[in-house]
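# sequence below, structure please.
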Amino acid sequence: MRTLYELPRFRDRWSYLYLEMGRLDVDADGLAFHQGDAVVLVPIDQLSLVMLGPGSTITHAAVKALSRNNCLLAWTGQDGVRLYAASTGGTYSARRLIRQARLVSDENSRLRVAWLMYRFRFKESIPEEVTLQQIRGMEGIRVRRVYAQAAEKYGIVWKGRHYDQDNWSTGDPVNRALSAANACLYGVCHAALLSAGYSPALGFIHTGKMLSFVYDIADLYKTELTIPVAFSVAAQQPVELERAIRMECRKAFHEFKLMERILPDIAEVLGVSDDIGESADELEGRIITLASGAEDWGLSGEPQCQGTR
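Okay, the predicted model is just below:
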């Protein structure tokens, strides 16, 4: 007997889950993360991103289950700060990728999208005669002002944005907090792009990197999300700074409704505001057909643990 099981849309999923020092495997009720004698059940059909940190392993069956549920799997460094590898998305269609490639390949359309991205960040009208270089200068001033305002609000001495990925512990708390918060945001944006069939490499403002478009989209939200979170958490001086950042980011993403907004926002800055939906016949994993006994893979029933989107 075969049945249909409909997965939640990207906007209805939880933002991310970070795991380290344990083993992720399938369980009768979904996925289970084994860490010593402790076992944490993971709601396989609700996640958009699973970040595997150092000391973590995953079984072939768990990878297959995540793939069938259109969940991005990323292998990261300590606290999710560095990305080493990631799985592919779950879309069947190349429609959005083809459109993105056309826009980025034409100089006029690429500059138009870059202008739309900056206008989105400023939340105000920018005259079209203003050059891209001028807008970049305006954006730099705006971001520095946001840093200064956050530092004053939370009583932090701010000496500028400085960090060294090769010497992570040498950074001051607020710079480490910013990097950790941005890493969470990058992961969610990456998952959103792949779920909808965009290429993370074809950026409009950032170019030449495999995650250029991820950086473009993440920059839309930093002043409202990761900068306030980083400064507020750093001011509290928690013992486990990066863990506190991840927890607060998850809460902030939920309150901001990031998962609901991100795909429509991408369509808006690309100038394709009519393309904000997710078609079931294009997204692999939206509706899947299960054979008898598929319950053993954790693809039916309700999630067995609670969490914050």
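
# who are the contact partners of the residue nearest the centre of the chain?
The residue lying closest to the centre of the chain (C-alpha atoms, centre = their mean) is Val188, at 1.1 Å. By C-beta atoms under 8 Å, 6 or more residues apart in numbering, the contact list for Val188 reads 15-16, 48-49, 253, 258-259, 262. Any C-beta I mention is one placed from the backbone N, CA and C, and that applies to glycine too.

# shaky segments in the stretch 1-150 of the chain?
Residues of the stretch 1-150 of the chain that meet the criterion pLDDT under 70 lie in 1-15, 29, 45, 79-83, 85-92.

# residue boundaries of the strands in it?
Applying DSSP state E, counting those that start in this stretch to the stretch 1-150 of the chain gives strands spanning 3-6, 17-19, 22-27, 30-35, 38-42, 49-52, 56-58, 72-76, 83-86.

# now the ones you listed as JSON lines including distance to Val146 and mean neighbour count?
Shown next, in JSON lines, are the strands of the stretch 1-150 of the chain (distance: least, C-beta to C-beta, whole Å; neighbours: other C-beta atoms under 10 Å):
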{"stretch": "strand 3-6", "distance to Val146": "40", "mean neighbour count": "11"}
{"stretch": "strand 17-19", "distance to Val146": "26", "mean neighbour count": "21"}
{"stretch": "strand 22-27", "distance to Val146": "37", "mean neighbour count": "20"}
{"stretch": "strand 30-35", "distance to Val146": "36", "mean neighbour count": "21"}
{"stretch": "strand 38-42", "distance to Val146": "35", "mean neighbour count": "16"}
{"stretch": "strand 49-52", "distance to Val146": "26", "mean neighbour count": "25"}
{"stretch": "strand 56-58", "distance to Val146": "34", "mean neighbour count": "17"}
{"stretch": "strand 72-76", "distance to Val146": "26", "mean neighbour count": "21"}
{"stretch": "strand 83-86", "distance to Val146": "25", "mean neighbour count": "14"}
